[in-house]
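>>> I would like the atomic coordinates for the input below:
(one chain, ligands or ions: 2)
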Amino acid sequence: MSYFPIQQLLKAAPVGATITVKGWVRTKRESKNAVFIALNDGSTINNIQAVAETGQLAEETLKLITTGACLAITGQLVESQGAGQAVELKISDVTIYGTADPEKYPLQPKRHSLEFLREIAHLRPRTNTFSAVLRIRHALAFAIHKYFNDNGFYYLNTPIITASDAEGAGEMFRVTTLDAIKPPLNEDGKVDYSLDFFGRETNLTVSGQLEGELGAMALGKIYTFGPTFRAENSNTTRHLAEFWMIEPEMAFFELEDNMNLAEDFVKTVIRYALQHCADDLAFLDNRLKEEEKTKKKEEQSELGLLEKLQFVISNEFVRLTYTEAIDILVNSKPAKKGQFQYEVKWGVDLQSEHERYLVEKHFKKPVILTNYPREIKAFYMKQDDAPATNSRGDVFGPTVRAMDVLFPGIGEIIGGSQREDDLDKLVARMQEVGIEPEALWWYLDTRRFGSAPHAGFGLGFERLVLFVTGMGNIRDVIPFPRAPKSAEF
Ligand code: 4AD
Ligand code: MG
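Residues are numbered from 1 along each chain as shown. Ligands and ions are numbered 1, 2, ... in the order given. Predicted coordinates:
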């Protein structure tokens, strides 16, 4: 190897050996007798300190060694004299690959705001915070593939360009090669998509689920892990227009099997991150503690990042029905004092304030809510046999075998369900909500030929990364975020 990754170097610490490291200067510090360069190559949060005696490096070279410059440093690894590091490099040679004019380089060794860093997303991976987030993101992606591979799932690649709207929700990005200014029109004056590239209207996918179901009905257990796109105009800290989703789909699984899998799955990947990203998580844990100190006492969170992650993997998630949750919410203090912004009653979709009340105030644990009203969920969810009733015997409307996993600080992290496997019920429901059964003939074929109970869910990858890193904004856990009015880089 022509150079030593700093992560390996610090681990192996071959004191006495002469080695070359390559990376970017984080800081340069000069004392009376020596110059100290902290170099980082992205392989770890930790820098290697390289030391030269005063006068050893030519003035011209020294001038060019500034924060952000890229160097190769060769030297002998020795035990460090100073505090803060075990070993350091005694410089024998420096090559400057690229300079970084300190007048112009925007990343100086001081704390920059996350908002500012979002404007320089092309450089922010060079900061401690973002490099830590991106390494953890990688570890989680790897852990996800490993989990499914270890558990007999096959990775299925579902299409990114689709002619179907899986959730029936609209809000898709159109894919077209037609002339934007003068598209061909048909007799009714509408755009003639039969002349478009695919001979029909196509969009970027909002979910790989429908095709995932086709895979499960042949391979048994599959998962997807790919980008999904939603053109909703949600300017929140939890929404992206382009995000990555993991969607397992399993033949012969019912709702409870689905819940068991979801809980085991998230716990396992979080445990993996704790085991494999200790340095990065410790750094983010500290960062969060510093940030908490600037908040008012009552707004500070009770648990630190590491404590929170440990807590989640060592406690069972609470499971209850939507109807039971509504009961809790209706009788809650904030509801009685009129503190919820949105009204809560049976039949409404829960807002994030309601979800967070349940998770953060009432149960203080991750929660799995099930059996939601049919009217607020997608057409493909399996219909329950009897309408919902509460403990007082009130009877409500029809429900479906849906499940949402709610996490502290995040709200919904997973959404899923058992699927309707009865052809007639599924077709009837599609007609009720205005989806042409003919348009999804291929989806319905799985119910026509060899239908079986099956279930699945979708985990929003960035929401998982948000939770594990303790970051506050989803735009800070994906390298190049896509959100309304934001697609630079
Ligand atoms: O609840 P959703 O919409 O479910 C589906 O798409 C189903 N087809 C999944 C399935 O059953 N196979 O989305 C699933 C998850 C959400 O729980 C959330 O974590 C994430 O995807 N998500 C988003 N993440 C970032 N930005 C957005 N705009 C998101 N919308 C959903
Ligand atoms: Mg959902």
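
>>> going forward, measure contacts between C-alpha atoms and count neighbours the same way
Noted.

>>> how about the residues of the protein by ligand 1?
207, 209, 230, 238-241, 243, 245, 247, 412-417, 456-460, 463 (CA under 6 Å from any ligand atom).

>>> where do the helices sit along the stretch 101-250 of the chain?
Remark: helices assigned in the stretch 101-250 of the chain by DSSP state H, counting those that start in this stretch are 114-119, 128-150, 209-219.

>>> quick one: least confident helix or strand in this structure?
Least confident helix or strand of the chain, by mean pLDDT, DSSP states H and E, is helix 352-356 with a mean of 92.

>>> contacts for the helix or strand just after it next, please.
Reading on from helix 352-356 to the C-terminus, the next helix or strand found by DSSP states H and E is strand 367-373. Contacts to strand 367-373, defined as CA atoms under 8 Å, 6 or more residues apart in numbering, come from residues 259, 317-323, 325, 347, 358-359, 384, 397-407.

>>> thinking again about what came up before, reformat the helices of the stretch 101-250 of the chain as JSON lines; add mean pLDDT, distance to residue 9 and mean neighbour count.
Below are those laid out as JSON lines (pLDDT from 0 to 100; distance: least, CA to CA, whole Å; neighbours: other CA atoms under 10 Å):
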{"stretch": "helix 114-119", "mean pLDDT": "96", "distance to residue 9": "29", "mean neighbour count": "14"}
{"stretch": "helix 128-150", "mean pLDDT": "98", "distance to residue 9": "18", "mean neighbour count": "19"}
{"stretch": "helix 209-219", "mean pLDDT": "98", "distance to residue 9": "43", "mean neighbour count": "21"}
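
>>> and of these, who's closest to residue 39?
Residue 39 sits nearest to helix 128-150 of all the helices of the stretch 101-250 of the chain, at 12.1 Å, using CA to CA.

>>> what packs against the closest one?
Under the contact criterion of 3 or more CA pairs under 8 Å, 6 or more residues apart in numbering; DSSP states H and E, helix 128-150 touches helix 255-276, helix 278-293, helix 461-469.

>>> thought residue 317 was touching residue 260?
No. Residue 317 is not in contact with residue 260 according to CA atoms under 8 Å; the separation is 9.8 Å.

>>> follow-up on the earlier one: can you add mean pLDDT and give the helices and strands packed on helix 128-150 back as JSON lines?
As requested, the helices and strands packed on helix 128-150 are exported to JSON lines (pLDDT from 0 to 100):
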{"stretch": "helix 255-276", "mean pLDDT": "98"}
{"stretch": "helix 278-293", "mean pLDDT": "96"}
{"stretch": "helix 461-469", "mean pLDDT": "98"}
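
>>> right, so those helices: which one is the most enclosed?
Most buried of the helices and strands packed on helix 128-150 by mean neighbour count (mean count of other CA atoms under 10 Å) is helix 461-469; its value is a mean of 24.

>>> helices and strands around it, which ones?
helix 128-150, strand 242-251, helix 305-314.

>>> try 10 Å
Contacts defined by 3 or more CA pairs under 10 Å, 6 or more residues apart in numbering; DSSP states H and E place helix 461-469 against helix 128-150, strand 221-229, strand 242-251, helix 255-276, helix 278-293, helix 305-314, strand 399-407, strand 411-418.

>>> mind checking those for the one nearest to residue 452?
Per CA to CA, nearest to residue 452 of the helices and strands packed on helix 461-469: strand 242-251, 6.8 Å.

>>> residues in contact with the residue of the stretch 101-250 of the chain found nearest ligand 1?
Nearest residue of the stretch 101-250 of the chain to ligand 1: residue 239, at 3.5 Å (CA to the nearest ligand atom). Shown in contact with residue 239 (CA atoms under 10 Å, 6 or more residues apart in numbering): 230, 232-233, 460, 462-463, 473-475, 482-484.

>>> what is the burial count for the closest residue to residue 348 other than its chain neighbours?
Distances taken as CA to CA, 6 or more residues apart in numbering put residue 376 closest to residue 348, at 7.4 Å, once the chain neighbours are dropped. Per other CA atoms under 10 Å, the neighbour tally for residue 376 reads 13.

>>> try the one 3 residues further on
By the other CA under 10 Å criterion, the neighbourhood of residue 379 contains 26 residues.

>>> so it sits in a strand?
No. Membership of residue 379 in a strand is not supported by DSSP: H, G, I helix; E, B strand; the rest coil, which gives coil.

>>> need phi/psi at it.
phi -60, psi -20 (degrees, to the nearest 10).

>>> pLDDT averaged over stretch 320-331 - what is it?
For stretch 320-331, the mean per-residue pLDDT is 97.

>>> can you give me the neighbour number for residue 391?
Residue 391 has 9 neighbours, counted by other CA under 10 Å.

>>> got it, and residue 97?
12.

>>> just confirm it contacts residue 25, I think it does.
No. The pair residue 97 / residue 25 is not scored as a contact, 11.3 Å apart, by CA atoms under 10 Å.

>>> overlap in contacts, the two.
Counting by CA under 10 Å, 6+ apart, the residues touching both residue 97 and residue 25 are 69-71.

>>> most neighbours, which of those?
residue 70 (23 neighbours).

>>> just the pLDDT at that one, thanks.
On pLDDT, residue 70 comes in at 98.

>>> what does residue 394 give?
Residue 394 is assigned a predicted lDDT (pLDDT) of 92.

>>> for the least confident helix or strand of the chain, packing partners?
On a contact count with 3+ CA pairs under 10 Å, 6+ apart, helix 352-356 meets helix 322-330, strand 367-373, strand 399-407, strand 411-418.

>>> and the contacts of it?
325-326, 329, 334-335, 339-344, 350, 358, 360-364, 366-367, 369, 405-412.

>>> among these, the buried ones, what's the PyMOL command?
To isolate in PyMOL the members of the contacts of helix 352-356 that are buried, counting by 16 or more other CA atoms under 10 Å, one can use:
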select buried, resi 325+326+329+335+340+344+350+358+360+366+367+369+405+406+407+408+409+410+411+412
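
>>> count of neighbours near residue 415?
19.

>>> got it, and residue 433?
Applying other CA under 10 Å, we find 12 residues neighbouring residue 433.

>>> try residue 357
19.

>>> residue contacts, the residue most central in space within the chain?
What sits nearest the mean C-alpha location of the chain, by CA atoms, centre = their mean, is residue 462, with 1.3 Å. Taking CA under 10 Å, 6+ apart as the contact definition, residue 462 lies against 137, 238-240, 243-245, 413, 468, 473-478.

>>> repeat that with 7 Å
243-244, 474, 477-478 (CA atoms under 7 Å, 6 or more residues apart in numbering).

>>> so which of those wins on neighbours?
The most crowded member of those, judged by other CA under 10 Å, is residue 477 (25 neighbours).

>>> where are the low-confidence patches of the stretch 101-250 of the chain?
165-170 (pLDDT under 70).

>>> if any of the contacts of residue 239 are buried, give me the PyMOL selection for them.
Applying 16+ other CA under 10 Å to the contacts of residue 239, the buried members can be selected in PyMOL as follows:
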select buried, resi 230+232+460+462+463+473+474+475+482+483
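
>>> between the contacts of residue 239, which sits nearest residue 307?
For the contacts of residue 239, the minimum distance to residue 307 (CA to CA) is 18.5 Å, reached by residue 463.
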